[in-house]
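>>> Mind folding the following:
(one chain, ligands or ions: 4)
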Amino acid sequence: MDVGKFTHIPKRLVLINRVAGQKIARYWILIFVFAAGFCLLLSHVSNVVSTPPPFAIVRTSNIFLHRNTQSDEGRRLKSIISEDDICNKGTFLLIAVCVSSSNFKQRSVIRNTWGSIVSNNNRVKLAFFLGNPNDTKIQQAIWVESERYHDIVQDNFVDSYRNLTLKSIFILKWSSTFCVDASYVLKADDDMFINVPYLINYLNTTNIHNAVIGQRIAASKPIRNKKSKWFTSESMYRDKYYPYYTSGTSYVISGDVVTKLYQSTFIEPFFWLEDVYITGLCRKRINASIIDNWDFSCLYRPPRGCSYKQAISGHRNSPEEITQIWLEMNDPRLNCSV
Ligand SMILES: *[C@@H]1O[C@H](CO)[C@@H](O)[C@H](O)[C@H]1NC(C)=O
Ligand SMILES: *[C@@H]1O[C@H](CO)[C@@H](O)[C@H](O)[C@H]1NC(C)=O
Ligand SMILES: *[C@@H]1O[C@H](CO)[C@@H](O)[C@H](O)[C@H]1NC(C)=O
Ligand SMILES: *[C@@H]1O[C@H](CO)[C@@H](O)[C@H](O)[C@H]1NC(C)=O
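Ligands and ions are numbered 1, 2, ... in the order given. Okay, the predicted model is just below:
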């Protein structure tokens, strides 16, 4: 989420199982292939690599306080927003955006661009998932924003890079409580552009069950070099390889397994890399499959309407770029025949 931290390329990226070029050739963006190196940084950069947070905290945190709790005082003490009526029975797709609590700008840009689909398609819902900013001023601004848009869901764990797995578990918990009828749940990071109509069309024509859909990563190994920022000790993860997982930047969970995935987080030992944990370890535990789809991408696509016309997602686009892509995509004069 915090783009500023992404300065190193994890070695395990080299092991991505597909010839990316094959896919990229469909677009006119091949010069950006190098950007693949940044794909997984979102999930895997950390300044502090020590013992992951104890899982018990998730279960004891006082989540799901209703937003209409009378006094601000009560809410502030618990630092939580639930927003439990975002979804309804007819919800087809819940878009769950992981965003740092202090990132007001990114939320605003998403609301005004690709997230604005919720205002003309009532089967699509949008929710931003926040942790606790541990800062009174920021929290007060979040209350104001929340009262205005009613699209913020916030839990009490400290919003930090190391707590990303907690955030993903929180998405599963919230979805299986308040969005249980959604046919699909999209988890997306805040620096993504998502072509939502294209995604809806794909999901609606394929009718997928028991699966996580995204860009599959195979033959990826834990990094055992103690000097690496992604160092993962044998006690954190014993095996030589991670199970197949999808890039954490954006993936879709079929609605039938959201609750099962959430329940599996009580059994599967906590692991600090969000994508490996949710789409790899927990998914494997419940025997759900991965649908490998490289229309989801952790690659950077150039900020042009045509880059995204035939794609679902792309990574590392700044707020300005997201706005640019959005304007071009919605320009009737857009011509992508090159
Ligand atoms: C929260 O903020 C306070 C004051 O700035 C600081 O002392 C404390 O370490 C922070 N807690 C966490 C968990 O970041
Ligand atoms: C979240 O991250 C912070 C800082 O990295 C850490 O101090 C804290 O224990 C983590 N867990 C929770 C539940 O806040
Ligand atoms: C899926 O396709 C059907 C048939 O074309 C259509 O009626 C329905 O509205 C579509 N669902 C969504 C969520 O767009
Ligand atoms: C998953 O499959 C394995 C092997 O087929 C089976 O032993 C296990 O019970 C299954 N687990 C679930 C949750 O269905």
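>>> Would you map the strands across the protein?
93-98, 124-132, 152-158, 184-189, 193-194, 211-214, 216-217, 245-246, 250-254, 289-292, 313-314 (DSSP state E).
>>> and the residue sitting nearest the centre point of the chain, what does it touch?
The centre of the chain sits closest to residue 188, judged by Cα atoms, centre = their mean, with a distance of 2.9 Å. The contact partners of residue 188, by Cβ atoms under 8 Å, 6 or more residues apart in numbering, come to 95-98, 194, 249-250, 313. (C-beta placed from N, C-alpha, C; glycine too.)
>>> could you redo the last one with a cut-off of 10 Å?
Taking Cβ atoms under 10 Å, 6 or more residues apart in numbering, we find residue 188 in contact with 95-99, 110, 114-115, 126, 194, 196, 199, 248-252, 296, 312-313, 315.
>>> if we can go back for a sec, CSV please, covering the strands of the chain and showing distance to residue 144 and mean pLDDT.
Supplementary listing: the strands of the chain in CSV, determined by distance: least, Cβ to Cβ, whole Å; pLDDT from 0 to 100:
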stretch, distance to residue 144, mean pLDDT
strand 93-98, 19, 98
strand 124-132, 14, 96
strand 152-158, 11, 92
strand 184-189, 24, 96
strand 193-194, 26, 92
strand 211-214, 34, 97
strand 216-217, 39, 94
strand 245-246, 35, 96
strand 250-254, 28, 97
strand 289-292, 40, 96
strand 313-314, 30, 84
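>>> most tightly surrounded among these?
Across those, averaging neighbours per residue (mean count of other Cβ atoms under 10 Å) puts strand 313-314 on top, at a mean of 31.
>>> Give the other helices and strands that that one contacts.
Strand 313-314 makes packing contacts with strand 184-189, strand 193-194, helix 196-206, strand 250-254, helix 319-329 when contacts are defined by 3 or more Cβ pairs under 10 Å, 6 or more residues apart in numbering; DSSP states H and E.
>>> Quick check: mean pLDDT of the last one?
Spelled out, it's helix 319-329. Averaged over helix 319-329, pLDDT sits at 91.
>>> residues of it that come out buried?
Across helix 319-329, burial judged by 16 or more other Cβ atoms under 10 Å covers 319, 321-326, 328-329.
>>> roughly how far out does that helix sit from the chain middle?
Distance of helix 319-329 from its chain centroid, counting by Cα atoms, centre = their mean, to the nearest Å, is 20 Å.
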